[in-house]
Structures are given as structure tokens and as C-alpha cells.
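[1] mind folding the following:
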Amino acid sequence: MKFDNLKSILSSPIIPEIKSNLDYKPASVLIVIYGDNPTIIMTEKPKSMKFHAGEISFPGGKFDSSDSDLLDTALRETSEEIGLNVSKNDVIGQLTPVQTLTTGFLILPFVTMLEQIPPLITNSEVEKILHIPLSPFLQTVAKDTDPSHNLMDEMYTFEYQNQIVWGASARILKQIENTLRFI
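    Below you'll find the predicted structure:
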């Protein structure tokens, strides 16, 4: 998949708030895709974290009262977690919000596509930064059958270098895979 085609396909209106009467805490993530051979950035959380320990996820986090909206949250968290400063003008769209099933968050995923990125630096919330070739990664999609996960119809996994991406992050990736499936 070519960079410009992918950018066109993933572009959508940006509405950086969630209208929900559910009792979920608002959060957001930034899906960073870069390069001529589109590569997606994900992070591995340290095993010492209270929530989501050792999981593979996107840079992001919970809404803070200092954030003007959920897009600000995603941009701030991305800068803090991996040292990547992305302008609001570089955000090309968003996906449908995804709920976490155990920690009570409703996550609004935003998408940015950059031609290149600078060297990245982790903070204490990130064990490792993963640069994953997008197309082969999306082809690893499978139904999540792990009995230790909350199983429901919309549960999937993706695999990269023997690491499994599951939960909310996998449901976000599944939205991208669904969008690109027939291209």
C-alpha cells in the first residue's frame, strides 16, 4: 500500500470529543503511521505498571483537565511517552471509540501519517517502542480465543515478533484492517 493512498483512505473528519452517557473515563491514543513502506508505531508497557502491564498499545492515555480536548490528550501523551511531537495539522482522522473492558476507559483513536519521524525516546510508561510494518501486521488478525481475556464477539489479536496485541488495541487495529481489507 502506497503512503498517499493510505493517507487518503484513513482521512476523516476530526471531532475530538466523545458523546456518551456511559460511565467510562475518556481517553485517547494516537495511531502513528510513517514512511514509504507504511510502518505503525506501538509501545510495550513495562511489566511494573499498575494497569495494562506488559501490553502492546498505542501512545496515549486518559484525559487530563489541562487538555482542551481528547486530541490534545493524544498529542500530549504521545510527546510524553515516545518524544514525538505531532501538530494538530498532521492528524488526518479518527476512528470509532473503543471501550476497555476491565479498566473503564472509552478511548478515541486519532490517526496521523508522517513521511518520516525523528529518533524516539521512551519515558517510564514505555518499555519499548515497536516499529511494525503495517501491511504484514494487519494480515496476522485472528479471533481472540485466550480464556484469560474477556471474550466477546469483537475480540481479536494481532501478532508481531511473537508478541500478541489484544484487547482495545486490537479492536482499534481491526478498524484499520476492516477499512483496508478490500483495497
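
[2] give me the most central residue, the chain.
    With distances taken as Cα atoms, centre = their mean, the residue of the chain nearest its centroid is residue 58 (3.6 Å).

[3] grab the nearest non-local neighbour of it.
    Here the nearest residue to residue 58 in space, its sequence neighbours aside, is residue 29; by Cβ to Cβ, 6 or more residues apart in numbering that works out to 3.8 Å. (C-beta placed from N, C-alpha, C; glycine too.)

[4] any idea what that neighbour is bridged to?
    Using DSSP bridges, the beta-bridge partners of residue 29 come out as residue 60, residue 109.

[5] if I pick it, what's in contact with it?
    Residues in contact with residue 29, defined by Cβ atoms under 8 Å, 6 or more residues apart in numbering, are 57, 58, 59, 60, 61, 74, 77, 107, 108, 109, 110, 172.

[6] out of those, which is most surrounded?
    Neighbours here mean other Cβ atoms under 10 Å. Within the contacts of residue 29, the largest count is held by residue 74, at 32 neighbours.

[7] tell me the phi and psi of it?
    Here the main-chain torsion angles of residue 74 (degrees, to the nearest 10) amount to phi -60, psi -40.

[8] give me the helix or strand of this structure that scores worst on average pLDDT.
    strand 142-143 (a mean of 88; mean pLDDT, DSSP states H and E).

[9] pairing partners for it, with directions?
    In its sheet, strand 142-143 lies beside strand 156-160 (antiparallel), with partners assigned from DSSP bridges.

[10] neighbouring strands - and their directions - for the helix or strand that the strand it pairs with is followed by?
    Using DSSP states H and E, the helix or strand that follows strand 156-160 towards the C-terminus is strand 163-165. Strand 163-165 has the following strand partners under DSSP bridges: strand 156-160 (antiparallel).

[11] flag every buried residue along the partner strand.
    When burial is assessed from 16 or more other Cβ atoms under 10 Å, strand 156-160 yields the following buried residues: 156, 157, 158, 160.

[12] stretch 72-88 too?
    Buried residues in stretch 72-88 (16+ other Cβ under 10 Å): 72, 73, 74, 75, 76, 77, 78, 81, 82, 83, 84, 86.

[13] may I have that stretch exported as CSV, CA atoms only?
    Taking only C-alpha atoms (Å, rounded to 0.1, in the frame of the first residue of the first chain), the coordinates of stretch 72-88 have been written out as CSV:
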residue,chain,number,x,y,z
ASP,A,72,-4.8,17.4,22.9
THR,A,73,-4.7,14.3,25.2
ALA,A,74,-3.4,12.1,22.4
LEU,A,75,-0.8,14.6,21.3
ARG,A,76,0.4,15.3,24.9
GLU,A,77,0.6,11.7,25.8
THR,A,78,2.5,10.8,22.6
SER,A,79,5.0,13.5,23.3
GLU,A,80,5.5,12.4,26.9
GLU,A,81,5.6,8.6,26.1
ILE,A,82,7.8,8.5,23.0
GLY,A,83,9.1,12.0,22.5
LEU,A,84,7.2,12.5,19.2
ASN,A,85,5.7,16.0,18.8
VAL,A,86,2.9,15.9,16.3
SER,A,87,1.0,19.0,15.2
LYS,A,88,-2.8,19.0,15.2
